[in-house]
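Novice: For reference, the sequence and a predicted model appear below.
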Amino acid sequence: MPTTVPPVEAAVVVHRLRKTYGGRDVVDGLDLHAAAGEVTAVLGPNGAGKTTTVECCEGLRSPDGGTVRVLGLDPVTDAVRLRPRVGVMLQDGGLPTGVRALEMLRHVAAMYAAPRDVGELAERLGLHAFARTTVRRLSGGQRQRLALAAAVVGRPEVVFLDEPSAGMDPQSRHAVWDLVRELRADGVAVVLTTHLMDEAEDLADRVHVVDHGRVIASGSVPELLAADADGPAPTVRVDVTAEVDDAALTAHLTTTLPGTTWHVSRTDPGTYQVSGPTSPTAVAAVTAALADQDVLVRRLSVGRRTLEDVFLDLTGRHLR
Ligand SMILES: Nc1ncnc2c1ncn2[C@@H]1O[C@H](COP(=O)(O)OP(=O)(O)OP(=O)(O)O)[C@@H](O)[C@H]1O
């Protein structure tokens, strides 16, 4: 996997971070960095230690080991100096619940020297529709949008977004992505955690994959795809109506296409991934072999491996 040496100008540098709960290292020597003008995505299975790491960067938790620097400062001891320069969107919103939505945003904006235009921000995140609703009555997605607005209204230099588009409808998600791209273009260091691989693939300049409290892979999406053990081989994906005899399918392909190597795996019930040197003949051979097995193909697509494929290969398929 590509190694990562933090650039001198990194806005966020986490070095050998350790955080222990009840004698268990939930963050266990984690290194990552995030640069200004880039979107850095932190990915990992449930419980991998992403939120704990981000909360150490936000100064909400104190490390048990290692160092964290945000804009060259310690997020815990320099919290007062960092507050006007860092925007934070917590996973649970973390908003006061008794105030009206827009009133809350105006109040947050008033705490900064040169805030964004609240009306414009409210417009682009669709906050006007629930401007006078109290925060406790907002839907999950509305609360997320308000939390995002509060995180960016002060024109921060660094923004931490913990699962920013979780629970949002597709329209809101696109509005969030546009805003994140704009922040990047303005030179902001955006650090986000997400479980949405397409979100990371679309937005992230740099990805850190975390598992068991450590970064197990880092790089740009093309670097991660290229560094993948199986290589960025094109794949055929088939959705089928019955069980496939994958050994028979592999044997059929290697016999029909001499000199090639194939790997067939079931990715989900009813979905198989066939990896190998894909060609028009190979696609025909896959469908012929499935016809031999009396398996009807409901959908077939040919494509490269995705970040999700790489993620699953790195972190496994078992539930956490
Ligand atoms: N205050 C706490 N006390 C005890 N254990 C904690 C505490 N906070 C987090 N943990 C544990 O630390 C581990 C990492 O949690 P964390 O929230 O950082 O994971 P995550 O990668 O953000 O997961 P998710 O994707 O589910 O949000 C989990 O096993 C969690 O139960």
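Specialist: Right, received. Where do you want to start?

Novice: Quick one: the helices in the stretch 201-320 of the chain, in order.
Specialist: In the stretch 201-320 of the chain, the segments counted as helices under DSSP state H, counting those that start in this stretch are 221-227, 246-256, 280-292, 307-315.

Novice: Let me have these in JSON lines, adding distance to the ligand, mean pLDDT and mean neighbour count as columns.
Specialist: C-beta: built from backbone N, CA, C; applies to glycine. Shown next, in JSON lines, are the helices of the stretch 201-320 of the chain (distance: least, CB to the nearest ligand atom, whole Å; pLDDT from 0 to 100; neighbours: other CB atoms under 10 Å):
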{"stretch": "helix 221-227", "distance to the ligand": "18", "mean pLDDT": "84", "mean neighbour count": "17"}
{"stretch": "helix 246-256", "distance to the ligand": "31", "mean pLDDT": "94", "mean neighbour count": "16"}
{"stretch": "helix 280-292", "distance to the ligand": "35", "mean pLDDT": "94", "mean neighbour count": "16"}
{"stretch": "helix 307-315", "distance to the ligand": "11", "mean pLDDT": "87", "mean neighbour count": "19"}
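
Novice: Is it possible to get a markdown table of those that adds distance to residue 72?
Specialist: What follows is the helices of the stretch 201-320 of the chain, written out as a markdown table (distance: least, CB to CB, whole Å):
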| stretch | distance to residue 72 |
| --- | --- |
| helix 221-227 | 27 |
| helix 246-256 | 53 |
| helix 280-292 | 53 |
| helix 307-315 | 31 |
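
Novice: and stretch 55-70, how far from the chain's centre?
Specialist: Remark: stretch 55-70 is offset 20 Å from the chain centroid, using CA atoms, centre = their mean, to the nearest Å.

Novice: pLDDT on that stretch, on average?
Specialist: Regarding stretch 55-70, the rounded mean pLDDT is 97.

Novice: How about stretch 87-107?
Specialist: 89.

Novice: List the buried residues of that stretch.
Specialist: Judged by neighbour count using 16 or more other CB atoms under 10 Å, the buried positions of stretch 87-107 are 87-91, 93, 95, 100-102, 104-106.

Novice: What of stretch 157-175?
Specialist: Taking 16+ other CB under 10 Å as the neighbour-count basis, stretch 157-175 is seen to contain the buried residues 157-166, 168, 172-173, 175.

Novice: Repeat that for stretch 72-83.
Specialist: When burial is assessed from 16+ other CB under 10 Å, stretch 72-83 yields the following buried residues: 73-75, 82-83.

Novice: Could you tell me the end-to-end distance of that stretch?
Specialist: Across stretch 72-83, the straight-line distance between its terminal residues is 13 Å, by CA to CA, to the nearest Å.

Novice: Stretch 251-266 too?
Specialist: End-to-end span of stretch 251-266 (CA to CA): 16 Å.
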